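Undergrad: Generate coordinates for the sequence data below:
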Amino acid sequence: MPSGSRTRWPKLASFDLAIPTILTNEGGYVNNVSDPGGETNFGISKRSYPDLDIRNLTREDATEIYRRDFWKFDGISSQPVATKVLDTCVNLGQVDGMRLCQKAVGVNPDGQYGPNTEGAFNGSPEVLDQIRSQLIQHYENWISANPAREQFRAGLMRRARE
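TA: From the prediction side, this is the model:
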C-alpha cells in the first residue's frame, strides 16, 4: 500500500448513535390506561420487566437494558436504518417490530434477526422509506381498530416519518 494511504472500512451502525433517538421517542415515566404499553419509563415496561422499579428507572438504566436486550444491529451499514429498526423493535416489541421491518424489505417475516435480514437492510437505498411506509400503515390500522387510540396519532406518525 502506498505511503499515506489508508484502508477504508465500511462504516457500521453504532448503538451510541441510535440510543438518543430511542430515549427521546419513548420519553420519561408514563402510565396511560389507553396505552397498551402500560406503565413505562424511557420505553421500558413493567409488563416486560416486572421486577424493575419502573417509576425510578434512570436514563442510564434504560440505556443499558436497550444495549443488552435490544441492540444487535452492528452489522447494518446505515445508521438511520439501524436506528429505525431499533426504534421499531422498541415500539412494537422485538418480534413484531422485526417482522414489520422484514416485511418492509421482502424477507420472510419470522421475527428473527439474522444474516438474510441484515443483508436485506444493507441491500437497498430505499430500506428506510420502505420501513417508514410499513410503520405508517401499521399505525393507521392500529388506530382504526380502536378510536381511543386517536390520541396517539400525531406522535406515532412523527415517529414513523423521522
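Undergrad: Any stretches of this structure with poor pLDDT?
TA: Residue ranges of the chain with pLDDT under 70: 1-10.
Undergrad: Helices of that one, start to end?
TA: 15-26, 59-69, 79-92, 94-104, 115-122, 127-144, 153-161 (DSSP state H).
Undergrad: what's in contact with the longest one?
TA: Contact partners of helix 127-144, identified using CB atoms under 8 Å, 6 or more residues apart in numbering, comprise 78, 80-81, 84-85, 88, 92, 100-101, 103-105, 120-121, 124, 149-150, 152-153, 156-157, 159-161. All C-beta spots, glycine's among them, are computed from the backbone N, C-alpha and C.
Undergrad: what do you get for the last one?
TA: Around helix 153-161, the neighbours that count as contacts under CB under 8 Å, 6+ apart are N25, D87, N91, R132, L135, I136, Y139, W142, I143.
Undergrad: rerun that using 10 Å as the cut-off
TA: 21, 24-27, 84, 87-88, 91, 131-140, 142-143, 149, 152 (CB atoms under 10 Å, 6 or more residues apart in numbering).
Undergrad: Tell me the buried residues within the residues you listed.
TA: 21, 25-26, 84, 87-88, 91, 131-132, 134-135, 138-139, 143, 149, 152 (16 or more other CB atoms under 10 Å).
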